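A.B. asks: The sequence isn't on hand, but the structure is:
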């Protein structure tokens, strides 16, 4: 399939899928709504990671942590130098988001100093401190943690429902599909409004650190 090529095409695709998501939910096509909604949840998490400089959205088909940011993410997650982080997994995206929300200024400074020494002073210092301050200026940490606390059980319930689709009574499955579709819609709106839109406000991280 042909990939979107720029921000305008990405926005058009997002709007189109969101319209289809709403139509599917309103007309009782709940499996379709859940599938699209799950993709939108992933997309909003990728958008946050992009604005944080951690990934680049142009590489979404093969999503990877940006090379210059990898040492910071390993240190943030307590992983050994040289280890792999599977950022394509939604579980890992949420893990990174939670770790960023848990950062304090002292920990951010410690990570910066460690990664600066690793790079032989080739990378401009204070990336993690910039990330910390952007979160501090724009996000309500507790609000986002509560949102993550809704996403994780929703994801688990979705998996259970899909695997049990043909082994449960019709009425029970119908109610669960409807509940998951409606909850998914709420999650996507909150991710966009409370996380992505706020975090990207006056965000200069990618420009400041020349992250392509």
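C.D. replies: Right, received. Where do you want to start? Owing to the predicted nature of the structure, the values given are computational and were not obtained by experimental measurement. Numbers count the residues shown, from 1 in each chain.
A.B. asks: State the distance from the most centrally placed residue in the chain to residue 104.
C.D. replies: Nearest to the geometric centre of the chain sits residue 45, at 1.6 Å (Cα atoms, centre = their mean). Residue 45 is 23 Å from residue 104, where distance means Cβ to Cβ, to the nearest Å. Placement of C-beta: from N, CA and C, glycine included.
A.B. asks: quick one, phi/psi of residue 202?
C.D. replies: The phi/psi pair for residue 202 (degrees, to the nearest 10) reads phi 50, psi 40.
A.B. asks: In terms of helices and strands, where is residue 180?
C.D. replies: Element membership of residue 180, judged by DSSP states H and E, is helix 170-190.
A.B. asks: Which neighbouring elements make contact with that helix?
C.D. replies: Here helix 170-190 is seen to pack against helix 7-26, helix 30-51, helix 141-163 when contacts are counted using 3 or more Cβ pairs under 8 Å, 6 or more residues apart in numbering; DSSP states H and E.
A.B. asks: quick revisit: ok, and the closest non-adjacent residue to the residue nearest to the centre of the chain?
C.D. replies: Among residues not flanking residue 45 along the chain, residue 93 sits closest, at 4.4 Å (Cβ to Cβ, 6 or more residues apart in numbering).
A.B. asks: quick one: which of the helices and strands packed on helix 170-190 is nearest residue 182?
C.D. replies: helix 7-26 (6.9 Å; Cβ to Cβ).
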